[in-house]
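Visitor: give the three-dimensional model of this entry:
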Amino acid sequence: MSDADGVVPGDRRGAEDLDVVETDSTRETPQSPEVGHTEPASDPTPEELGKPDEPEKQSKKRGFFAELGILLGVALALTIVIQLFIARVFLIPSESMEATLHGCDGCYGDRVLVDKVVYYFRDPEPGDVVVFKRPDTWNSDGPANRSDNALFAWAQDFASQFGLAEPSNEDLVKRVIAVGGQTVQCCDDQQRVLVDGKPLDEPYIHHLTENDEQRPFAPVTVAPGMLWVMGDNRNASGDSRIQGGGGVNGFVPVDNVIGKVRTIILPPSRWQGVGDHNPQAQSLSAPAWQVGIPAGAGLAAAFPTVWLGRRLRRKLAGRGR
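Guide: Prediction:
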């Protein structure tokens with residue numbers, strides 16, 4: 001029997017069920033997170049934006065000071081290596097090398113650059129201005145002014161280059177006059193030093209007075225491995241002529257030579273190279289007119305040789321026709 005509205009009770013239940021189903025189908029279901037999907041990062045807060053990155057700044061500061069320390073360490077190491085093996089600056093404290101090098105009392109002592117490399121390949125030669133350690137046979141110039149500790153002594157030498165310490169009284173500078181095997185003496189009637197009986201050419205000698213004479217000394221043969229040295233300020237120099245009483249005691253061992261003086265670097269007004277004029281060059285070589293003989297003979301013989309050669313080629317060419 002049907003209902004008054006014409007709806008079967010069973011159909012009502014079906015409609016209710018349908019309503020439920022429709023309602024369930026329209027309800028949003030939570031979505032499962034997709035693989036690889038990341039939630040967007042939240043914006044930094046104002047407090048976080050204004051907060052300085054203190055650990056990073058401290059790290060940068062530590063990095064700067066660490067690099068500065070490394071730089072200074074490398075610079076010091078290079079300075080030590082250069083001074084020990086390549087070149088070194090010395091202060092000239094005496095007047096014995098006037099006027100080539102200034103070092104007198106009351107004037108600004110020259111600071112010179114000394115080349116150590118050159119004598120790795122050869123021994124000192126006549127005319128070289130050299131810095132050397134005072135030989136044991138030479139008179140000491142006052143008490144030692146350097147520490148017995150090698151490191152402290154090096155520091156004192158380094159400081160002396162800038163006027164912060166007294167120059168070493170064990171380092172001397174002179175000019176090489178004769179080498180091992182040569183005989184040296186003074187003087188001939190023109191006041192010239194003789195080596196192997198031949199007078200030296202010494203334009204660098206500084207004369208205190210117009211007609212001053214050099215201190216005479218008997219012939220001395222320089223032993224192998226030794227040097228005979230003298231100052232350019234000849235009469236104001238304590239050198240091989242008088243040290244240890246002169247003679248063999250005045251020799252300087254080649255092993256004592258520190259290096260060759262190359263140039264004056266201070267004061268700026270004195271910037272110049274230091275000459276190494278060989279005083280024996282003129283006495284060991286032939287006079288200029290004799291040296292020119294071979295060149296002149298060769299030039300004179302060249303003209304007839306060229307002329308004869310041309311005539312010979314012409315004759316051969318004529319026969320070939």
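Visitor: how near is Met226 to Ile242?
Guide: 16 Å (Cβ to Cβ, to the nearest Å). (Each C-beta comes from the backbone N, C-alpha and C, glycine too.)
Visitor: so where's the stretch 101-250 of the chain shaky on pLDDT?
Guide: Low-confidence segments of the stretch 101-250 of the chain (pLDDT under 70): 104-108, 142-143, 161-164.
Visitor: and with 50 instead?
Guide: For the stretch 101-250 of the chain, applying pLDDT under 50 flags no range at all.
Visitor: Met226 and Ile242 - which one has more neighbours?
Guide: Between Met226 and Ile242, Met226 has the larger neighbour count (other Cβ atoms under 10 Å), namely 22 against 16.
Visitor: any idea how far Thr137 is from the residue nearest to that one when sequence neighbours are not counted?
Guide: Excluding its sequence neighbours, the residue lying closest to Met226 (Cβ to Cβ, 6 or more residues apart in numbering) is Phe251, at 3.9 Å. For Phe251, the distance to Thr137 equals 7 Å [Cβ to Cβ].
Visitor: again, but for Ser147
Guide: From Ser147 across to Thr137, the span is 24 Å (Cβ to Cβ).
Visitor: neighbour count winner among the two?
Guide: Neighbour count, other Cβ under 10 Å: between Ser147 and Thr137, Thr137 has more, with 15 against 12.
Visitor: in which helix or strand would I find the more buried one?
Guide: Here Thr137, judged by DSSP states H and E, is contained in no helix and no strand.
Visitor: which residues touch it?
Guide: Thr137 is in contact with 243-244, 249-251, counting by Cβ atoms under 8 Å, 6 or more residues apart in numbering.
Visitor: any of those residues buried? List them.
Guide: 243, 250-251 (16 or more other Cβ atoms under 10 Å).
Visitor: and which of these is nearest to Ser96?
Guide: Gln243 (11.5 Å; Cβ to Cβ).
Visitor: got a list of what the residue nearest to Met226 touches?
Guide: Per Cβ under 8 Å, 6+ apart, neighbours of Phe251: 135, 137, 222-223, 226-228, 240.
Visitor: isn't there a strand covering Phe158?
Guide: No: Phe158 is assigned helix when assessed by DSSP: H, G, I helix; E, B strand; the rest coil, not a strand.
Visitor: quick one: it from Arg192, how far?
Guide: To Arg192, Phe158 is 41 Å away according to Cβ to Cβ.
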